[in-house]
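K.L.:
Starting from these lines, generate the structure:
(2 chains)
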Amino acid sequence: MKTPHRGAILEWPAAGLIAAWRLSCHPLAQAWRDAVLVLVLFWMADRSILRPSVKYAARIGVMAYLMGVYLHIHLAFTLAYLQS
Amino acid sequence: MIFGLFWLFWGNLAVLLAARVLLSYVRTGQDHLEATLFILLRLAIISGVILVSGLVGTLNPSVLGPMSLTAVIALLCSSKLRARVTKRIRLPAIGAPLWIVAGLITARLIGQVWMFPPHLGDATNYYLPKIAEWVRAGQFTREMGAHPHVTFPAGFELVETWWVVFIHHDVLIEMAGVEFLLLGVTATAALARSLGLQERSAFVAAILYGLTPGLNLAATSCTNDLPAASIIVTAFAFVLGRLPLGWTIFALGVGIGIKPTVGYGMPGIVLLSWLLRKEEAPREYPRSCVSIAAAVGIVLGSFWYIRNMVWFGNPFYPVCSRDRALFPPPQFGPRAASLLGNVRDLVDSRIWDPHAYGALVDDSAGWGPVGIGCGLLALLLWALEAPPARAVAVSFLLSLCSILFLSIHDPWSMKYVFFFPAILSVAVAREMERSTAMVPLVVAGTLISFLTTMSPYDLPRVELARLEEQSWRERSVLDSHTLISLEPSVALFGGIQERAYLLYGPDFSRRVIYCRPKNLKELVVGMQKEGVSLLLAQPATEEQAHLLEEAIEQGELVVLNGSFYSLVHRATARP
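P.N.:
Predicted structure coming up:
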């Protein structure tokens, strides 16, 4: 059986804190809090995934998600500005 | 103009050769650091030349041009120096595609330099009017403009002056920003190499940093936030490359002479030095070179503060002075509310850039899709895995926080931390080195950054079309149909937000007289004495508003159009 990695004991309380933060957040800040939640959950998953191909696919998936959120927000504001 | 271009060529050649000779004495033995050091040496030489010329009154092409030609001949005639100059330069082996991308970005930057005239409020209100006064007078002048911020450190303006003084025209003024962008990207590559990335990956990191939207647009905006960011990245690169402390002092000195925010970022640089204190330096360096570099940095960094101390009795004038109304009021010293406000805005909204791109990054960070989408995660994972990356990431984060602690919380505060995307870019390049599957995502993000930074939002399409119609000699965002185009001189009263630099014209041919009268008589007599009849007035205080009303009521001024007035009792023209 694989030995649990160092720091594992900190992960679940951290995820709990993030989830609480997410629940209490201001609506305008949701995108950022969502992204932090995804980052933390991803980090936890990343440490459990042993196959490099799966690990990198997951990383790229999260990066694509973050870039998508960024582009959605930035381009929406930019288009609104250009149309005004 | 032809002569101007001729002297500009020799001036640049002389500085390039001089920087090359000086670099050969330093001998870092690390190619990636040498490129950064070479550009920094060139910028320091330019700053020194303009500083001395401005002080002794030789700020004109007829002196600087022949001096440059003489310097080139002297450097090439001495066999010892010639050997140092002609030493072969090794270009990084990165493959044709990356060179093509770099070429495309460079070509676009040159096009932007050619097309964009100075247009931003900050630049035209208080950075550039002093350059116009210096170039017109051929020396430094006490008159630097109407805005209270004109006395801020002007290290970047020295390099901008270099690009206008030979040709007596501002068409190439943004080249100063491009030079500092080049410094920033080479420093990013040096950081990457010191952190163990391959040459090709380091080049990718440099390209990603160079295409960071806020930073890229700042290069052609005539503002000093990009130079300040580039110097901070350079200082980090020198510390990480284990260069002697003197070279870091040199870089920071040049930077503090540009903008105090460079000093605000020092805690992170000091922390990195402390974290790396047990690491061996790669080689011994000549002590004399290091000492001279540190001394030059201290001179370049302290000059403007000493000048303010001598002229106004306060090195930070007008900050902490009660004799001038400040707009906007700068912050002096740390403020917890600023840190909290800046960090909250950054993490809550600005990080997503919820605004069209511009050099001042209004209500956004300007870090771009690659920095946010890929960089944050890549840096987090890298920092968790590798101690050296963790040390650099923590140091960058400390510099970010210390700058936000010491900078006022306003919609533009993120322009002070343009250095941070450098470490995000390095992290992305490192992740790409490990997994080529990331390449399409990064290429897509980079392409979006490239396309969305063709022009800043504050130069809209209509304005660009108007600029295209103008010839390069007359290109200016000042409306050419205003009354001013017919006048050889204009008086400015109040008008701290009237973009005074534009009044000089792109070839600095128009005289601008700054009126600071205490009463109506002083205003009228002052204008008559200067032989100027056109007044641009935009009162900045209640007293100025009363004085202007009084002048109109008493028939001394007549309203022409908008903020323009004409003096009724004209004096004979100034000889």
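
K.L.:
hmm, who's touching stretch B:260-277?
P.N.:
B:153, B:225, B:228, B:231-232, B:235-236, B:239-240, B:242, B:245, B:248, B:252, B:255-256, B:316, B:391-392, B:394-400, B:402-403, B:405-407, B:416, B:419 (Cβ atoms under 8 Å, 6 or more residues apart in numbering or on different chains). Glycine gets a C-beta too; all of them are placed from N, C-alpha and C.

K.L.:
sorry, that was for stretch B:284-293
P.N.:
Applying Cβ under 8 Å, 6+ apart, the set of residues contacting stretch B:284-293 from outside is B:25, B:26, B:27, B:28, B:243, B:244, B:245, B:246, B:247, B:249, B:250.

K.L.:
Can you turn the buried part of those residues into a PyMOL selection?
P.N.:
A single PyMOL command is used to select the members of these judged buried by 16 or more other Cβ atoms under 10 Å in any protein chain shown:
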select buried, chain B and resi 26+28+243+244+246+247+249+250
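
K.L.:
Which members of the contacts of stretch B:284-293 are the farthest-apart pair?
P.N.:
The distance between the two most remote of those (Cβ to Cβ) is 18.8 Å, for B:27 and B:249.

K.L.:
thinking again about what came up before, filter the contacts of stretch B:260-277 down to the buried ones and hand me the PyMOL line.
P.N.:
Buried members of the contacts of stretch B:260-277, defined by 16+ other Cβ under 10 Å, are picked up in PyMOL with:
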select buried, chain B and resi 153+225+228+231+232+235+236+239+240+242+248+252+255+256+316+391+392+395+396+397+398+399+400+402+403+405+406+407+416+419
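
K.L.:
In helices, which of the contacts of stretch B:260-277 fall?
P.N.:
B:225, B:228, B:231-232, B:235-236, B:239-240, B:245, B:248, B:252, B:255-256, B:391-392, B:394-400, B:402-403, B:405-406 (DSSP state H).

K.L.:
Of those, which are in range of chain A?
P.N.:
Restricting the ones in helices among the contacts of stretch B:260-277 to those touching chain A (Cβ under 8 Å from any Cβ of the partner chain) yields no residues.

K.L.:
wait, is residue B:566 part of a strand?
P.N.:
Yes. According to DSSP: H, G, I helix; E, B strand; the rest coil, residue B:566 belongs to a strand.

K.L.:
That one is in contact with residue B:537, isn't it?
P.N.:
No. In this structure, residue B:566 is not within contact of residue B:537 by Cβ atoms under 8 Å, at 11.1 Å.

K.L.:
Low-confidence regions, chain A specifically.
P.N.:
The model of chain A has pLDDT under 70 over residues A:1-39, A:41-42, A:44-50.

K.L.:
Could you list the residues of the stretch 301-450 of chain B in contact with chain A?
P.N.:
By the rule Cβ under 8 Å from any Cβ, the part of the stretch 301-450 of chain B lying against chain A is B:347-349, B:351-357, B:369-370, B:372-374, B:376-378, B:380-381, B:384, B:431, B:434-435, B:437-438, B:441, B:444-445, B:448.

K.L.:
coming back round to it: neighbour count winner among residue B:566 and residue B:537?
P.N.:
Using other Cβ atoms under 10 Å in any protein chain shown as the criterion, residue B:566 and residue B:537 rank with residue B:537 on top: 23 against 14.

K.L.:
For that one, list the residues it contacts.
P.N.:
With contact taken as Cβ under 8 Å, 6+ apart, residue B:537 is in contact with B:492, B:493, B:494, B:495, B:544, B:548, B:557, B:563, B:565.

K.L.:
So which of those residues sit within helices?
P.N.:
Judged by DSSP H, those include B:544, B:548 as members of helices.

K.L.:
Dump the contacts of residue B:537 into a markdown table; add neighbour count as well.
P.N.:
Shown next, in a markdown table, are the contacts of residue B:537 (neighbours: other Cβ atoms under 10 Å in any protein chain shown):
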| residue | neighbour count |
| --- | --- |
| B:492 | 24 |
| B:493 | 27 |
| B:494 | 22 |
| B:495 | 25 |
| B:544 | 19 |
| B:548 | 21 |
| B:557 | 26 |
| B:563 | 17 |
| B:565 | 24 |
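
K.L.:
Understood, closing this out.
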